[in-house]
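[1] pasting the sequence and the predicted coordinates here, then a few questions.
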Protein chains: 2
Amino acid sequence: MKLSDGVEWGAHVCTLLAVLPPDAALPAARLAEYHSVPSAYLAKHLQALARAGVLETVKGPRGGYRLARPPAEITVLDIVEAIDGEEPAFRCTEIRRRGPSAVPAREYRLPCGIHRAFTRADGAWRRELELTTVASLLTGVLEEAPPVSLERAARWLGEAVRQ
Amino acid sequence: MKLSDGVEWGAHVCTLLAVLPPDAALPAARLAEYHSVPSAYLAKHLQALARAGVLETVKGPRGGYRLARPPAEITVLDIVEAIDGEEPAFRCTEIRRRGPSAVPAREYRLPCGIHRAFTRADGAWRRELELTTVASLLTGVLEEAPPVSLERAARWLGEAVRQ
């Protein structure tokens, strides 16, 4: 069981975009450069984030991507669901309805206990990811990142936004 | 993000093995027949469950697989970890250490906030799966399964164990 690499990339991209000045945007190529990830592959995930309403695109020569809503209103779960989809990790194939003990499907009145255990676990996972917003990720970076790294990021961002 | 099909199969197999009489065992082919799943592929998962100490193998003409410990001491998490491994779904590749803001690795004193959010979610997921044991799955089946299905299962099991 593995989340797409795009989930990590998307969370970092949203955290970076949370410090952009109002009306500024960054193109996919600059976001890929900042995170040192393959541009074409990142672009695919940025499009998924835009389709899900986490990012929005700005057209024109200084266009690109920016957050579609305030960072406090975007959760890590929003990013996961935009990139990896909303399907739970456990997919019940109803094997209890196969083999020698099978009876017609209508006779099984409840989802089986295995399915229910995974549904509870999936809910616990999603609830936890809903508690972290892009705003709180940004606060963490500003408080914890090495000062030199923050200076370098600010310099790069100043140049990238002016271009 | 998707769990292996083997996790569903493994949980059903353990629940079936929980009703075996003491000292009885069932070969992979009979377990595959009962659940109507491909025998060679199920065998791979049964071996993983045995390596993890969830199942044990009994040699000889009436040999096969049985639970390695009491059903109340086997959790759904044990089955997941035996079949899908213990690695969390989120794998941090430390992309914050790449690109124009990067500084030497030793300067980053804490795991980043994104990584920490996923670690908390992973913990919540595993804790939930630890709450369900094979014993409680079996209780659920005995209380909720269609009576005709239970009769058919008991008849099949009686014959399979006698062979």
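    Structure received.

[2] hmm, the lowest-mean-pLDDT helix or strand in chain A touching chain B?
    Across the helices and strands of chain A, mean confidence by mean pLDDT, DSSP states H and E is lowest for helix A:147-162: a mean of 92. Yes: part of helix A:147-162 sits close enough to chain B to count as contact by Cβ under 8 Å from any Cβ of the partner chain, namely A:148-150, A:152-153, A:155-156. (Each C-beta comes from the backbone N, C-alpha and C, glycine too.)

[3] show me which of these are buried.
    Buried positions within the residues of helix A:147-162 next to chain B, assessed by neighbour count (16 or more other Cβ atoms under 10 Å in any protein chain shown), are A:149, A:152-153, A:156.

[4] determine which two of the residues of helix A:147-162 next to chain B are furthest apart.
    Across the residues of helix A:147-162 next to chain B, the longest distance by Cβ to Cβ is 12.6 Å; it joins A:148 and A:156.

[5] can you give me the helices for chain A?
    Counting by DSSP state H, chain A has these helices, from start to end: A:5-17, A:28-35, A:39-51, A:76-84, A:113-130, A:134-144, A:147-162.

[6] gap between the last one and the chain center?
    If I follow you right, that is helix A:147-162. Taking Cα atoms, centre = their mean, to the nearest Å, one finds helix A:147-162 lying 23 Å from the centre of the chain it belongs to.

[7] go on, the first one?
    When C-alpha coordinates are averaged (Cα atoms, centre = their mean), helix A:5-17 and its chain have centres 7 Å apart.

[8] could you do stretch A:119-134 as well?
    Between the mean C-alpha point of stretch A:119-134 and the mean C-alpha point of its chain there is a distance of 13 Å (Cα atoms, centre = their mean).

[9] work out which residue lies at the spatial centre of chain A.
    Within chain A, the residue whose C-alpha comes closest to the C-alpha centroid is residue A:79; the distance, by Cα atoms, centre = their mean, is 2.0 Å.
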